[in-house]
Every structure is written in structure tokens, then in C-alpha cells.
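S.K.: got a sequence here, can you model it:
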Amino acid sequence: MSTSPLLTGLRERLPELRALYEDIHAHPELSFQEVRTAALVAERLRAQGWEVTEEVGGTGVVGVLANGDGPVVLLRADMDALPVTERTGLPYASTNDGVMHACGHDMHVAWLLGATGQLAAVRDGWRGTVVAVFQPAEEVGGAPKMLADGFADRFPRPDVCLAQHVAGAPAGLVGTRAGALMAGADSLRVTLFGRGGHGSTPEATVDPVVLAAAVVLRLQTVVSREVAAGQQAVVTVGSIHGGTKDNIIPDSVELKINIRSTTAAVRERVLAAVERIVRAEAAASAAPVEPEIVPVDSFPVTHNDPEATEAVQTALAAEFPGLTFELTSPVPNSEDFGAFGTALGAPSVFWFVGGTDLALYADVDLEALVRDGIPPQIPSNHSPHFAPVPDPTIETGVRALLAAAAHWLTP
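M.R.: Reported below is the predicted structural model:
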């Protein structure tokens, strides 16, 4: 650990942070339902001495700590869990059936509360104002909800916005890149209409199940045949719902489609292709009603400000010698964190912190990891087996947040 004054006493506080992390992991809450988590966060912040505002954008919590003249730094963590049944076998596994912190947001909350605790305890080591944002519903775009709730007028306007995400990389590693870091995402709900009837007389029906199958298969050609090899895009049909019984052909089937892209041109091309295929397959099946295509969520590309990113990378390299890496291209995951910087007119930087047991990476070096990505046998975010190791991940995340923030806050 470095000798930064902001880290004074951190080692002694790690057991408490681990207990906090395990408690949040065991009690996950879905998007906009983070009532228990938000109450816990507010209680901890007040005990640390922060000015606390609750119910921002629903279940969001914002803490403000002013410590003399200086820059304003926004630090953000998300709080929501996913509708996933946990299969980690951990002693602190989810006690909420069908809900799990499969994306690691419980770790993010522990990181930020660890950082806020240090900032409150070591006030002679920094100057300025910190805005700690505990965001609800990142999985469904909670950041715009907080901003729409008067965020810009209710809290100090930041000079920089900082955030980080736990990933399947080896624990202790920290990495990012300037420019486009994470893909933009669009979610669509598509309803395909048919004409229902008895399963024994399909000739008297228009079967939307067969239509849905044709759409799903045809959509797989969008990336392989309509996006250039050097460009990035992903099209995923993550949900299909239709029918009630094996011998009844239903009237409709619903698809939920997720699209990832890293440029505006590719996004427009893929969205147009998806709509074209859906409508063409419906016409080919003689569907009696045009399909409904409803946009559900849209996340912009996560873009790291080049100048601020260089400052963060320098700070992280000094804090973690030999343990930082630079991504060579954007990753296909998506985030709504960038909405804060865009709406508030501040540069933003987002980075990744590894959280996987080093034993699972015994034969993988850092260069290969950056070149080839995380091996498929490693549980990834959103997997029912995803479980960051608390040690050293908690300590690494707290140190990373403080090291990055110190670039602006150090007197």
C-alpha cells in the first residue's frame, strides 16, 4: 500500500468493509427497489459525517462532504442487483430467491463507502468537495432518473466524474483506456402477432412461434453479414415469451432484443437491420398485424475524457506499480455513468478493477489477457457463478478511487 495520507487507517477498516460487502451481497435488491441498501448507505454516510440526501431519482443516495476550497469530484457507485438465481455456494450467498448481485454492484457500494470513510477520517490530506453518488437501477438506466430529479441544481457541480467497475480480470489489476471504453446499448421489445388456434390444425393459423424462431435465426446474420469485420456490434435475443400449452398455437410472441455498438453509424445500421428483418419475416409469415417494435432502454457509449483519463492512469500506475493495463479497444458491456458527465458538463473517467481469484489465472499473463480477453471458463458479470474475491478486491477498489480522486483533491 502506498504512503498516501488518504489511506491512513484503511487496513484496520477492511474487516468492517468486508462484513458490509457480504451483508449487501446476501441481501440483493432489484432496480429501483434498493430500499434496504439505500438506508444502509445513508446511515453509514451520516455516521461518517457527510451531508446526506435520500430518494434522489427514486432510491438514490447522495452524500456531500466539503473540506475547504478546491475542485469538486463526483464519485459514483451503483446499487442494484439482477434477476439471477445465485449458484456460487458462498456462505454469504443471496437470501433473496431469484435475485443476485451478479454484476458486482455490492462491491461498488463497499468501495465507495470505504472511500467516503477515508475522506471523512483524513480531512487534512485533501481539499475540495466530494459528491458521493449511490445510484439506483444502473441495469435499467437509473442515472438519467437522478439527473431528472434536479441533480444539477441540488448538488455541487463537479469538475470531474469518476467511477469504476469490478470485472472478471485477476484480482488486483486495474485498467482503462481513453476515448470509447464501453459500447452503447439499445433494448427493444418486439411483439409478433399471429392467428392462434389448435396445435393439430396449424394450416388454420398463423404461428407466431415459428415466426419468432425465424426472426431469431435471421437476426444472427446482422453482425456477421452487415457489420464490417473491423467494427463492433452484438445482437442478442435475451427473452422469448409466447403460448400457454403444447397444443395451442398462441396469438402473439414477445421478444426482448439487446443491441451493442461503439459508433453512431454502426448503431443506426444495426437498428435499421433489426427492424427490417422483423417486419420482413412477419410479412413472409402472412402475419395479420404488423409487429410492434418498442424501444425500452438506450445507453450511450461510455466515453473517457482523454486528458482526465491520462491523469487517472498516471495516478493508478503510481498506486499499483506493474498492475495496471490499457485496453486496446472498447468492451461490449454498457454503462449509464457517462450521463452524469454529459449532463453536468464535466469530464468523466471510468475504469475496471479485477476481482477474480488469482488461482484461476495461473497460466495467463497480462499481455495475453489484454490481447485475448477474459478466458471463457472465468465466470463473468451477470453469471450466476460471478463472485469477486473480497481480498484483495475491496482494498484495491478503495485505493483506486482515492488515488484517482487525489489527483484533483490533493492540496
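
S.K.: end-to-end on stretch 63-71?
M.R.: Counting by CA to CA, to the nearest Å, you get 16 Å between the two ends of stretch 63-71.

S.K.: actually stretch 156-164, not the one I typed
M.R.: 21 Å.

S.K.: for residue 189, give me the backbone phi and psi.
M.R.: Per-residue torsions, residue 189: phi -110, psi 120 (degrees, to the nearest 10).

S.K.: in a helix, residue 87, correct?
M.R.: No. Read with DSSP: H, G, I helix; E, B strand; the rest coil, residue 87 is coil and lies in no helix.

S.K.: in three-state terms, label the closest residue to it other than its chain neighbours for me.
M.R.: Excluding the flanking residues, the one nearest residue 87 by CB to CB, 6 or more residues apart in numbering is residue 384, at 4.1 Å. C-beta here means a position set from N, CA and C on the backbone, and glycine is covered the same way. Look at residue 384: counting by three-state DSSP, its state is coil.

S.K.: got a list of what residue 384 touches?
M.R.: Contact analysis of residue 384 by CB atoms under 8 Å, 6 or more residues apart in numbering lists 84-88, 100, 102.

S.K.: repeat that for residue 96.
M.R.: Going by CB under 8 Å, 6+ apart, residue 96 touches 27-29, 81.

S.K.: what's the closest of the contacts of residue 384 to residue 34?
M.R.: Closest approach between these and residue 34, by CB to CB: residue 100, at 13.9 Å.

S.K.: give the buried residues for stretch 230-248.
M.R.: Across stretch 230-248, burial judged by 16 or more other CB atoms under 10 Å covers 232-235, 237, 240, 242-243.

S.K.: those residues: which two are farthest apart?
M.R.: Largest separation among these by CB to CB: 232 and 243, giving 35.0 Å.

S.K.: where does pLDDT dip in the stretch 1-150 of the chain?
M.R.: Along the stretch 1-150 of the chain, the parts satisfying pLDDT under 70 run over 1-2.

S.K.: show me where it has its strands.
M.R.: Using DSSP state E, counting those that start in this stretch, the strands of the stretch 1-150 of the chain run over residues 51-56, 60-67, 72-78, 128-135.

S.K.: counting by contacts, list what the last one packs against.
M.R.: Secondary-structure packing of strand 128-135 (3 or more CB pairs under 8 Å, 6 or more residues apart in numbering; DSSP states H and E): helix 35-48, strand 60-67, strand 72-78, helix 105-121, helix 142-148, helix 390-409.

S.K.: may I see the buried residues of stretch 306-322?
M.R.: Of the residues in stretch 306-322, those buried (16+ other CB under 10 Å) are 308-309, 311-313, 315-316, 319-320.

S.K.: need the helices for the protein, in chain order.
M.R.: Under the criterion DSSP state H, the chain contains helices at 10-26, 35-48, 105-121, 142-148, 151-154, 208-226, 264-284, 306-319, 338-344, 366-372, 390-409.

S.K.: state the mean pLDDT of the shortest one.
M.R.: If I follow you right, that is helix 151-154. The average pLDDT within helix 151-154 is 98.

S.K.: which strands and helices sit next to that helix?
M.R.: So helix 151-154, by 3+ CB pairs under 8 Å, 6+ apart, packs with strand 51-56, helix 338-344.

S.K.: residue 358 is nearest to which of those?
M.R.: Per CB to CB, nearest to residue 358 of the helices and strands packed on helix 151-154: helix 338-344, 30.9 Å.

S.K.: what lies in contact with that closest one?
M.R.: 74, 76, 133, 143-144, 147, 151-152, 157-158, 161, 300-303, 305, 346-348, 350.

S.K.: what residues sit buried inside that helix?
M.R.: 338-341, 343-344.

S.K.: and what of stretch 104-111?
M.R.: Using 16+ other CB under 10 Å as the test for burial, stretch 104-111 gives 104-111.

S.K.: which one of the residues you listed is nearest residue 54?
M.R.: residue 109 (14.7 Å).

S.K.: which residue is the nearest non-sequential neighbour of the closest one?
M.R.: Residue 109's closest residue in space is residue 77 (CB to CB, 6+ apart), at 5.2 Å.

S.K.: that neighbour against residue 112, yeah?
M.R.: Yes. In this structure residue 77 lies within contact range of residue 112 using CB atoms under 8 Å: 3.8 Å.

S.K.: which neighbours do these two have in common?
M.R.: Joint contacts of residue 77 and residue 112 (CB under 8 Å, 6+ apart) are 132, 134.

S.K.: would you turn the buried residues of stretch 230-248 into CSV with pLDDT and distance to residue 367?
M.R.: Listed next are the buried residues of stretch 230-248 as CSV, based on pLDDT from 0 to 100; distance: CB to CB, whole Å:
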residue, pLDDT, distance to residue 367
232, 90, 21
233, 94, 27
234, 95, 25
235, 97, 31
237, 98, 35
240, 98, 40
242, 97, 47
243, 96, 50
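
S.K.: now distance to residue 290 too, for those residues, in JSON lines please.
M.R.: Putting these into JSON lines (distance: CB to CB, whole Å) gives the following:
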{"residue": "232", "distance to residue 290": "31"}
{"residue": "233", "distance to residue 290": "26"}
{"residue": "234", "distance to residue 290": "26"}
{"residue": "235", "distance to residue 290": "21"}
{"residue": "237", "distance to residue 290": "19"}
{"residue": "240", "distance to residue 290": "19"}
{"residue": "242", "distance to residue 290": "17"}
{"residue": "243", "distance to residue 290": "21"}
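
S.K.: any figure for the gap between the most centrally placed residue in the chain and residue 65?
M.R.: Nearest residue to the geometric centre of the chain (CA atoms, centre = their mean): residue 335, 4.8 Å. Between residue 335 and residue 65 the distance is 25 Å, computed by CB to CB, to the nearest Å.
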